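>>> pasting the sequence and the predicted coordinates here, then a few questions.
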Amino acid sequence: MFSDLNNYNDTVDYLYGLQKHGIKLGLANTRKLMNILGSPQNAFRSIHIAGTNGKGSTSAIIASILAESGFRVGLFTSPHLVSFTERIRINNRQIPESDVIRLASGIRKSIRGEDMKPTFFEFVTAMAFQYFAVQNVDWAVVETGMGGRLDATNVLRPDIAIITNVSRDHCEFLGSGIHDIAIEKAGIIKPGVPVVTAAQTPGVAGLLSDIARSRGAGIHVYGRDFKGSLLHMDGGRTAFDYSGYADYKNLSMPLAGRYQIYNACTAIRACEILGRQTCRTTSIRIRAGLQSVKLEGRLELISESPPVFLDSAHNPEAASSLAASVKELFPGKKIILVAGIMNDKDARGILRPLVRLAGSVILTRPAYERAAPPEKLLEIIRDSGLTGPDCTVDTAATVARALELAKARCREDGIILVTGSFYTTGEAKEVSGSRGILGGLREYHATGSGK
């Protein structure tokens, strides 16, 4: 029997229940849902972002620049680390719990009697678009959940489409080869809508260019139309020069990692394009937006004594980029690696570059049913011969216990790196004192696959 969602617990239970509908790639459900709600996705201008890695950083930087330019900016990302409310923001303020209840209840009432069973991600996408419409945002920066062509967010008609780097992930849904995955990501390219890409995988930029050309869309490619060069970075900031329509010297952002330059330059190029379309983005606002960007879970320092860094690298490419950045940022430091990985991920590919950096490895599992047992990860490491003779490898039943062990081992010349999954890093933040709101709903689209 249907009952209204009158409190937060009811809302939690309802959203959890939607996960049983699993993954349904396709837009029919979302289009029907949007029509019922009065097409909220048409109430604001938007920037649509797809890609394997870098979506979250690029989205956050664009949203920050637009907000510094005086706009009211919605930001929709997934998954979340600690709180469900991280997914839906306006000018970087998370949606209040009361609005989560109101939106979920209202949408549920609207589809009463309709022959449809939305998935979790379809329903949450509708919540975000409805919220942005009601709150009269000028812009919405929207990150896809998975893929692009059949992603629920692809009901948008954006002003700019962005495709970050493309690599192998979610192969069971998107295809096993880079070519197939890139085509799925390219599904967000619309006729006449500018495209910006920082794709670094060989052949991908060319493929995206061909697809954009076939749809009458101009494409802006990193390394050809715009680029950046690293000046310096430390554990908390990165400084770089940018060259595009204009040259910006000594830009700075509170994000660490060489790979963040690709994301930042992609965001700046998008804002340059908007600037040419009369959007208020000046060099001063670009600088201010970069300096004020806030992003969790990307080489994020959550403790200084001992130093504990979180990074949600969840596929081999992200792990390799993370390993390169850690090596560059912390030369001579002894790395204690805490890793927890989902069972359906390429654990060997994720562990390989990270374990080689570490003097000590602690394998664990977050409190989620799809997490790989630490013993399985240990077997992968042993069978692959990934560790050196001086590296110790242990297991811990929980993330909390893994952090306890890591802190006990950390000396003055060491740092702790927690990585492998959004579930692992999110749980580490909760253990460290962050308050969770619907923390168990980190799954970014539905049961069956996650980051």
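In hand now; what should we look at? Here the structure is a predicted model, which means the values were calculated and not measured.
>>> below-threshold pLDDT in the stretch 1-150 of the chain: ranges please.
Scanning the stretch 1-150 of the chain for pLDDT under 70 picks out 1-9, 12, 19-25.
>>> which parts of it are helices?
In the stretch 1-150 of the chain, the helices defined using DSSP state H, counting those that start in this stretch lie at 8-18, 28-36, 55-68, 97-110, 120-134.
>>> how about those in a markdown table, adding distance to Ile189?
Where you see a C-beta, it was placed from the backbone N, CA and C, and this is true even at glycine. Shown next, in a markdown table, are the helices of the stretch 1-150 of the chain (distance: least, CB to CB, whole Å):
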| stretch | distance to Ile189 |
| --- | --- |
| helix 8-18 | 29 |
| helix 28-36 | 18 |
| helix 55-68 | 15 |
| helix 97-110 | 29 |
| helix 120-134 | 19 |
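>>> after whichever helix or strand Leu207 is part of, which helix or strand is next? Please name it.
Assigned by DSSP states H and E, Leu207 falls within helix 204-214. Downstream of helix 204-214, the next assigned helix or strand under DSSP H and E is strand 219-221.
>>> quick one: mean pLDDT over that following strand.
For strand 219-221, mean pLDDT is 98.
>>> list the neighbouring strands of it plus their orientation.
In the sheet, strand 219-221 lines up against strand 195-197 (parallel) (DSSP bridges).
>>> contacting residues around the partner strand?
160-164, 189, 204-205, 208, 212, 217-222, 266, 269-270, 273 (CB atoms under 8 Å, 6 or more residues apart in numbering).
>>> for Ala267, helix, strand, or coil?
Under DSSP: H, G, I helix; E, B strand; the rest coil, Ala267 falls in the helix class.
>>> what's the answer for Ser303, then?
Counting by three-state DSSP, the backbone at Ser303 sits in strand.
>>> surely it and Ser432 touch.
Yes - the pair Ser303 / Ser432 is scored as a contact, 6.4 Å apart, by CB atoms under 8 Å.
>>> could you dump the helices of the stretch 1-150 of the chain to CSV with mean neighbour count and distance to Pro79?
Putting these into CSV (neighbours: other CB atoms under 10 Å; distance: least, CB to CB, whole Å) gives the following:
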stretch, mean neighbour count, distance to Pro79
helix 8-18, 16, 13
helix 28-36, 17, 18
helix 55-68, 26, 9
helix 97-110, 18, 16
helix 120-134, 24, 10
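>>> which one of the ones you listed lies closest to Thr282?
Closest of the helices of the stretch 1-150 of the chain to Thr282 is helix 55-68, at 9.6 Å (criterion: CB to CB).
>>> against which helices or strands is the closest one packed?
On a contact count with 3 or more CB pairs under 8 Å, 6 or more residues apart in numbering; DSSP states H and E, helix 55-68 meets strand 45-50, strand 73-76, strand 139-143, helix 260-276, helix 283-292.
>>> okay, these in JSON lines with mean neighbour count next?
As requested, the helices and strands packed on helix 55-68 are arranged in JSON lines below (neighbours: other CB atoms under 10 Å):
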{"stretch": "strand 45-50", "mean neighbour count": "26"}
{"stretch": "strand 73-76", "mean neighbour count": "26"}
{"stretch": "strand 139-143", "mean neighbour count": "27"}
{"stretch": "helix 260-276", "mean neighbour count": "25"}
{"stretch": "helix 283-292", "mean neighbour count": "18"}
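>>> and the ones you listed as a markdown table, adding distance to Ser39?
Output for the helices and strands packed on helix 55-68, formatted as a markdown table (distance: least, CB to CB, whole Å):
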| stretch | distance to Ser39 |
| --- | --- |
| strand 45-50 | 13 |
| strand 73-76 | 16 |
| strand 139-143 | 14 |
| helix 260-276 | 23 |
| helix 283-292 | 30 |
